[in-house]
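[1] requesting a structural model of the entry that follows:
(one chain, ligands or ions: 1)
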Amino acid sequence: MSVNQHVRDLWIAETAQRAGYPDLAAFCAAHGLKNYRLDQLYRAANKELLADPEAVTVLPAELRARLMAEGFSFDALEPVTVQKSNDQQTTKGLFRLTDGSEVEAVLMEHFGDRNTVCISSQAGCAYACAFCSTGQAGFTRHLKASEIFAQARYFARHLALQGRRITNIVFMGMGEPFHNYDAVMQAVGLLNDPHGLGLGHRHITISTVGVVPKIEQFTKESLQVNLAISLHAPNDTLRSEIMPVNRRYPLTELMAACEAYITATNRKVFFEYIMLEGFNDSPEIARQLAALMRNHLYHVNLIPYNSTPDAPYAGSDDATIRRFASVLDAANVPNTVRHPMGRDIAAACGQLRAQTQPRGATP
Ligand code: SAH
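    Below you'll find the predicted structure:
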């Protein structure tokens with residue numbers, strides 16, 4: 001059976017472009033490549049997870065040598081630094097793209113049970129959330145689908161060496177996925193392709209600051225991909241203070257889009273809520289949040305904040321987080337307190353890149 005041709009052609013075209021070809025047709029013409037050769041290349045890279053064209057032994061030796069010589073590389077990025085947390089459960093990579101921009105991706109191994117990879121959709125971010133290291137550094141550029149996918153390929157290869165695989169992908173790295181909508185959806189296609197990585201849609205989560213028209217567009221896709229909203233505050237005054245996007249799409253519009261998503265899909269919506277000391281962590285604010293979370297398919301993830309030198313916020317302490325959660329419990333709002341991972345390696349969004357590319361630095 002032939003691989004999913006649309007996804008395959010997209011990946012090969014972008015890979016060929018990095019080697020200097022204008023498009024897929026030019027690449028195929030230069031090497032006299034037939035359809036089955038494209039299948040072989042795509043499968044070798046994304047299902048068998050081979051290192052490079054040289055390793056694809058089903059290809060003629062001469063073709064392999066030419067592909068290597070012209071820089072047709074399976075990897076859209078290369079690792080700059082890879083660090084493991086002290087408990088060995090979190091591995092954070094800083095990667096350099098071909099134009100020198102840098103992005104982060106993180107592997108979280110939950111005691112060998114789930115292997116979740118958090119990936120970036122943009123270099124930098126345009127949304128300027130006050131507490132976020134990436135947001136404070138500003139926007140560099142959108143990633144292409146193959147560059148988003150390459151972060152998963154890197155960790156898939158890393159895990160494969162131990163006979164293990166990625167079980168979940170979250171778009172919670174750098175960037176705003178719904179600001180780079182088309183490439184993110186293409187990357188979802190690549191991640192999902194059973195002839196490649198083969199990750200089920202239900203194992204993929206897209207997290208957004210709340211770009212309402214894109215939530216509406218995503219609703220129409222009718223995919224089983226999970227939707228997470230970075231809420232962080234239950235009223236417009238507080239939310240606008242830390243998330244400029246709220247001035248454009250205030251809570252009534254955001255919540256209406258979430259309601260419409262549930263009506264159309266009958267799927268849960270996850271709300272991320274980082275706990276900022278003295279800002280959004282009081283019982284009164286918990287009650288406001290509970291009042292907003294009126295749909296039984298809403299789920300709140302309370303996230304201990306990783307403080308960063310770029311932002312003037314501190315995380316709430318454990319007792320405050322527990323008290324906040326108990327208000328939600330009392331109001332029957334499903335919630336989970338997220339277990340912080342990788343704090344010793346600056347694993348929160350944008351923190352590692354901030355160490356190598358100081359604010360305002362252009363790659
Ligand atoms: N732009 C998207 C996805 C990237 S951020 C979004 O905003 O949802 C993924 C999550 O990490 C968001 O909920 C974001 O608010 C949160 N985050 C950012 N900086 C953080 C930090 N220092 N500690 C904890 N969570 C953080």
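
[2] so which residues on this protein come close to the ligand?
    Proximity of the chain to the ligand is confined to 129, 131-132, 172, 176, 207-209, 230, 272, 274, 303, 305-306, 308, 348-349 under the rule C-beta under 6 Å from any ligand atom. In this view, the C-beta of every residue, glycine as well, is placed from N, C-alpha and C.

[3] what about those residues, which are in strands?
    For those, the ones inside strands are S207, T208, S230, E272, I274, I303, with DSSP state E as the criterion.

[4] most neighbours among these, please name it.
    I274 (26 neighbours; other C-beta atoms under 10 Å).

[5] who does that residue form a beta bridge with?
    I303 (DSSP bridges).

[6] so it makes contact with I303?
    Yes. Here I274 reaches I303: they are 4.6 Å apart, a contact under C-beta atoms under 8 Å.

[7] how about the nearest residue to K268, chain neighbours excluded?
    L297 (4.7 Å; C-beta to C-beta, 6 or more residues apart in numbering).

[8] burial count for the one you found?
    So L297, with other C-beta under 10 Å, has 16 neighbours.

[9] surely it touches F270?
    No. Between L297 and F270 there is no contact under C-beta under 8 Å: 9.8 Å.

[10] for F279, which residues are in contact?
    L238, I242, Y313 (C-beta atoms under 8 Å, 6 or more residues apart in numbering).

[11] which one among the residues you listed gets closest to R18?
    Checking the contacts of F279 against R18 with C-beta to C-beta, the nearest one is I242 at 37.4 Å.

[12] any chance of the backbone angles for the closest residue to the closest one other than its chain neighbours?
    Closest residue in space to I242, ignoring its immediate chain neighbours: A130 at 4.4 Å, by C-beta to C-beta, 6+ apart. Taking degrees, to the nearest 10, you get phi -70, psi -30 for the backbone angles of A130.

[13] and A130, what does it touch?
    Q136, E241, I242, M243, A311, P312, Y313.

[14] still on that earlier bit, how near is the residue nearest to K268 to I204?
    L297 sits 18 Å away from I204, going by C-beta to C-beta, to the nearest Å.

[15] what of G278?
    From G278 to I204 the distance is 35 Å (C-beta to C-beta).

[16] dump the contacts of F279 to a markdown table, plus neighbour count.
    Converted to a markdown table, those look like this (neighbours: other C-beta atoms under 10 Å):
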| residue | neighbour count |
| --- | --- |
| L238 | 18 |
| I242 | 21 |
| Y313 | 20 |
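
[17] closest one of those residues to the ligand?
    Y313 (8.2 Å; C-beta to the nearest ligand atom).

[18] just to be sure, the closest one is in a strand?
    No. Read with DSSP: H, G, I helix; E, B strand; the rest coil, Y313 is coil and lies in no strand.

[19] pretty sure it contacts N280?
    No. If you go by C-beta under 8 Å, Y313 and N280 don't touch, sitting 9.8 Å apart.

[20] chain neighbours aside, what residue packs nearest to F149?
    L190 is the one closest to F149 (C-beta to C-beta, 6+ apart), at 4.3 Å.

[21] quick one: residues contacting the residue most central in space within the chain.
    For the chain, the residue nearest the mean C-alpha position is F171 (2.0 Å; C-alpha atoms, centre = their mean). By C-beta under 8 Å, 6+ apart, the contact list for F171 reads C118, I119, S121, P177, V184, I204, T205, I206, S207.
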